[in-house]
Structure formats: structure tokens, C-alpha cells
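Peer 1: No sequence on hand, only this structure:
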């Protein structure tokens, strides 16, 4: 049986791996700062003194200067939002310089093809930019290297075919490894999101659990106190769940709770926070709600819960609930406000007129 996880968007993936990718980019840039000096020596060995070597040397100096500038920007405290863009242009400059060096090298020199094959593999794997951009860079590089492969003087046609096949295989390998790493990242992040969701939600109803509700309420209270705005909380208690379970069988009360949570979500505002507070209790946080608004939302929720009977085992069960209301006061804490709501709920229960000892049951048509 396969496990399904929530989908992860590209923006979420890049945001999650922003710091590791930035560190990887810095290592690549630092590596190229050090490796350009030996490459200049190789260029001098192959080209000797002259305009070709001077032009190639200027391009390598431009690579080093650009890398140094990106490193300096990325080391600042604020995130370098254009890092990916600059890294793409810098990579294009590096590959262009390598191609220029390949074309300027003697026609009988074939050693650069080993570097070209290595670039086709590693560029796809190590560059921390989006796959579509890396693919463009690598395929463009492969295209020009293939043209170069047709112009070089090889010992034999077989040798030429082998070099061409190695270049193709290197590019394919790099792309496959990059795609596998990307897929693994997506699955890993999706699994992390699912674990986070399970930690903060009630497994039965899918609404926020008590621990997450307390965390959200504490943050909202601090924000509302700072802004001088009202905040209210409602605690709902669903009636007669034990009787429903005993009459219709184990698990029936769970069906009632699931349907009740759905009705409460429809009755509350989009930005209200609904949570499972206890076995038979739900709690709703009402941001920017005074006592009058809290009463309106509470009455609407009670009416929605009781409006339509819930079909269970060929019968219909009418469900009702009681509600306790509390509005934030100046010296309130999360505990004190919830305590007042619980006290109000107990008062409502005590003062309620008991019409029957069990919920009203009707045979369904």
C-alpha cells in the first residue's frame, strides 16, 4: 500500500532548500576562484603568448571577478534574492569560456574532451539552480562540443564515435542524477509537511488539535493586545455522544464529530481557528471579534449544527450543542480566557432545560 503525501510546489521547495543551496553555490564559486589559476597555466601551455591567450585570460579574470562579487553579495545578512539569476549567468560565462578555450586549442589536442564530459555530468548535479535552467546550459554546451568534435582531428573514426558517445552518456547521466535528486527532495519535503500536519491536526476531524490551538491563541493574543483589538473564544460541547455510541454502536459518535466539525467550519469565518479541544468539545478562536460578534458566530454555529439530522445506520440523529463564550480582557492570559469560556459553558449546561434523556431519533424515509 502506497502512502500519499501532499504536493510540494516549486516555490516551497526552493524556500526550504534556500540556505543549503546558497552554501553550495558559495563552495562552487570559491572552488572556481582557486582553479582558474591552473587553468590559465593550461591555456598558456596550449596557446602560448598572443591575442588568443590574452582574450581567454580576460574571460577567466571576468569569471573570477564575477564570482567574487556574487560571494560578497551572498555573504550579507539579508538574503540575496537574485542569487539564482546571477549564478545562471556566471555558469553561462564559465561554460562559454571553456568552449572558447576548446575551439582555440590545436586541432590535434583532444584532452579537453575529458573536461567537457566531466562538465556535462557535474553541471547538472552541482549547480543549485532550477533544473530547466541547468538543462538549457548543459544541452547548449553539448551542442557546441558536438560541433567541435566534428572539426577535431582524431586518430580514427572509432575514437571520434567513442568521444561523442561518452559526451552523450555524460550528459544523460548528469540529467538523470539531477532528476533523481530533485524527486528525492520533493518526496522528503512532502513527507516533512505531512508529519508537521499530523502534529498540529486532530486525526479524526482534520481540524487543528489542542496543542496547536493554544500556540495560535497565544500568538494572536499578543498581536491583539499590541494592536488594541478585541479577541474572543468559543467552546462547544456536543450533547449525548455517549448515548449515541451506546445505541448505534462504537464509532457512531466519531461520525457525528466529523460532521459537526464540517458544519462548524461552514458556520465560522474563513480566518477563524477551529480546533478539537476535548473528546466532545470544539473550540473556536475569533480574531478581531467583540462580544457581540462572538454571540452572532456562536448562535450561527449552534443553528448550523442542529439544522439537519445526521443519517446514521438507516436512521437520522438530531445533534445539538452548548457553547461558552469569552472575550479577551486587558490582563488575560490564554488560560484565564479559556477558563472563563469553560465556566460560561458549565453555566449554560446547568441552566439548560433538559427536554429528553437522549437525542431525538427519527426513522429515515
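Peer 2: Everything's here; your move. In this text the structure is predicted, and so the values were computed from the model without any measurement. Residues are numbered from 1 along each chain as shown.

Peer 1: give me the low-pLDDT residue ranges for the protein?
Peer 2: Under the criterion pLDDT under 70, the flagged ranges of the chain are 1-6, 77-81, 313, 352-365.

Peer 1: can you list the domains in it?
Peer 2: Listed by automatic domain parsing, the domain ranges of the chain are 10-198, 210-351.

Peer 1: Which one of the ones you listed lies nearest to residue 204?
Peer 2: Counting by CB to CB, residue 204 lies closest to domain 210-351 out of those; the figure is 5.8 Å. Backbone N, C-alpha and C define where each C-beta goes, glycine included.

Peer 1: Test my guess that residue 349 contacts residue 235.
Peer 2: No - between residue 349 and residue 235 there is no contact under CB atoms under 8 Å: 11.2 Å.

Peer 1: Which one's more surrounded, the two?
Peer 2: Comparing residue 349 with residue 235 by other CB atoms under 10 Å, the one with more neighbours is residue 235, at 25 against 13.

Peer 1: For that one, give me phi and psi.
Peer 2: Note on residue 235: its backbone torsions stand at phi -120, psi 120 [degrees, to the nearest 10].

Peer 1: distance of it from residue 307?
Peer 2: Distance of residue 235 to residue 307, given as CB to CB, to the nearest Å: 20 Å.

Peer 1: What of residue 334?
Peer 2: Per CB to CB, residue 334 is found 32 Å from residue 307.

Peer 1: Just name the most buried of the domains of the chain.
Peer 2: Of the domains of the chain, the one with the most neighbours on average (mean count of other CB atoms under 10 Å) is domain 210-351, at a mean of 17.

Peer 1: Quick check: closest non-adjacent residue to residue 289.
Peer 2: Nearest residue to residue 289 in three dimensions, chain neighbours excluded: residue 232, at 4.4 Å (CB to CB, 6 or more residues apart in numbering).

Peer 1: and the helix or strand that contains that neighbour, what does it pack onto?
Peer 2: Assigned by DSSP states H and E, residue 232 falls within strand 231-238. Counting contacts by 3 or more CB pairs under 8 Å, 6 or more residues apart in numbering; DSSP states H and E, strand 231-238 packs against helix 210-227, helix 252-267, strand 281-287, helix 291-307, strand 321-327, helix 334-351.

Peer 1: got the ones you listed as TSV, with distance to residue 182 columns?
Peer 2: Putting the helices and strands packed on strand 231-238 into TSV (distance: least, CB to CB, whole Å) gives the following:
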stretch	distance to residue 182
helix 210-227	31
helix 252-267	36
strand 281-287	39
helix 291-307	45
strand 321-327	48
helix 334-351	42
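
Peer 1: how about the helices in the protein?
Peer 2: Assigned helices in the chain, in chain order: 10-16, 18-47, 51-74, 83-104, 112-126, 131-151, 157-200, 210-227, 241-248, 252-267, 291-307, 334-351 (criterion: DSSP state H).

Peer 1: Go through those helices and name the closest to residue 320.
Peer 2: Judging the helices of the chain by CB to CB, what sits closest to residue 320 is helix 291-307, at 4.9 Å.

Peer 1: now that closest one: how far from the chain's centre is it?
Peer 2: Taking CA atoms, centre = their mean, to the nearest Å, one finds the center of helix 291-307 at 35 Å from the center of the full chain.

Peer 1: and if you look at stretch 292-309?
Peer 2: 35 Å.

Peer 1: residues making contact with it?
Peer 2: Residues outside stretch 292-309 that contact it (CB atoms under 8 Å, 6 or more residues apart in numbering) are 232-234, 236, 238, 260, 263-264, 266-269, 272, 284, 286, 289, 316-321, 323, 325, 327, 362.

Peer 1: now do stretch 47-54
Peer 2: Around stretch 47-54, the neighbours that count as contacts under CB under 8 Å, 6+ apart are 43, 44, 56, 104, 105.

Peer 1: Residue 208: neighbouring residues, count only.
Peer 2: A total of 21 residues lie near residue 208 under the criterion other CB under 10 Å.

Peer 1: thought it was touching residue 277?
Peer 2: No - using CB under 8 Å as the test, residue 208 is too far from residue 277 to be in contact (9.8 Å).

Peer 1: From residue 156, how far off is the spatially closest residue to residue 316 that is not a sequence neighbour?
Peer 2: The shortest distance from residue 316 to any non-neighbouring residue, by CB to CB, 6+ apart, is to residue 309 (3.6 Å). From residue 309 over to residue 156 the distance is 87 Å, taken as CB to CB.

Peer 1: just residue 23 next, same as before
Peer 2: The value you get for residue 23 to residue 156, if CB to CB is used, is 46 Å.

Peer 1: can you check residue 88 too?
Peer 2: Distance, residue 88 to residue 156, using CB to CB: 39 Å.

Peer 1: and what of residue 306?
Peer 2: 89 Å.

Peer 1: before we move on, what about residue 224?
Peer 2: Here the criterion is CB to CB. By it, residue 224 lies 80 Å from residue 156.
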